[in-house]
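S.K.: Have a look; sequence and predicted model below, questions after that.
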Amino acid sequence: MNLPDANLLRDQLVELIRPHLKPDTVFIGIHSGGAWVAEYLHQKLGVTTPLGTLDAAFYRDDYASRGLHKSRKSHIPVDIAGRDVILVDDVLYSGRTTRAALNELFDYGRPARVDLAVLVDRGGRQLPIAARFCAHTLAEPLADDVHLRLTRDEQGHFSLGVENA
């Protein structure tokens with residue numbers, strides 16, 4: 001499978017978001033790939049509000065069946081009540097991670113608006129969730145046993161890869 005350059009996608013995402021950014025918009029990245037993308041967006045867009053991160057593993061409805069574990073602590077260093085939030089993930093697939101992140105996010109307050117930003121929409125949704133900001137949508141959904149993974153090297157460069165489950 002020929003995948004687009006993840007570094008170009010992150011720059012496209014910056015330009016998709018830029019016209020919609022408000023001075024008090026809060027960026028929150030979903031661990032781990034989404035946190036990397038959120039960090040990049042936060043810096044490139046010159047956002048002054050603190051960057052937040054979420055590990056929504058405990059909030060997933062398939063937590064027990066997938067053998068997930070909470071590996072990182074969620075950190076939202078600013079009051080999100082009444083503010084616009086851009087929730088950032090690397091790959092949108094079933095929608096379950098996004099749903100879980102929304103459930104956890106509302107434990108921190110009630111934002112005025114929550115938008116989803118992703119590098120890639122791989123198709124295969126199980127829930128009615130869509131990204132407002134998406135740099136690339138795959139032409140055909142990947143099979144359920146194929147995972148699309150974002151990696152980041154020491155210099156901060158991203159790459160997309162495919163692996164079988």
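M.R.: Structure's in. What do you need? Since the structure is predicted, the reported quantities are computational estimates derived from the model, not experimental observations.

S.K.: quick one: Arg149 and Phe158 touch, right?
M.R.: No: the pair Arg149 / Phe158 is not scored as a contact, 10.7 Å apart, by C-beta atoms under 8 Å. Where you see a C-beta, it was placed from the backbone N, CA and C, and this is true even at glycine.

S.K.: other SSEs contacting the helix or strand hosting Ile86?
M.R.: Assigned by DSSP states H and E, Ile86 belongs to strand 84-92. Applying 3 or more C-beta pairs under 8 Å, 6 or more residues apart in numbering; DSSP states H and E, we find strand 84-92 packed against strand 26-30, helix 33-44, helix 96-105, strand 113-121, strand 146-152.

S.K.: Can you say which of these is packed in most?
M.R.: For the helices and strands packed on strand 84-92, average neighbour numbers computed from mean count of other C-beta atoms under 10 Å are highest in strand 26-30, which has a mean of 26.

S.K.: got the contact list for that strand?
M.R.: With C-beta atoms under 8 Å, 6 or more residues apart in numbering as the test, strand 26-30 has contacts from 35-39, 41-42, 47, 49-56, 76, 78, 80, 83-89, 97-98, 101, 105, 111.

S.K.: ok, now with 7 Å
M.R.: 35, 37-39, 41-42, 47, 49, 51-54, 56, 76, 78, 80, 83, 85-89, 97, 101, 105 (C-beta atoms under 7 Å, 6 or more residues apart in numbering).

S.K.: Many thanks, I have nothing further to ask.
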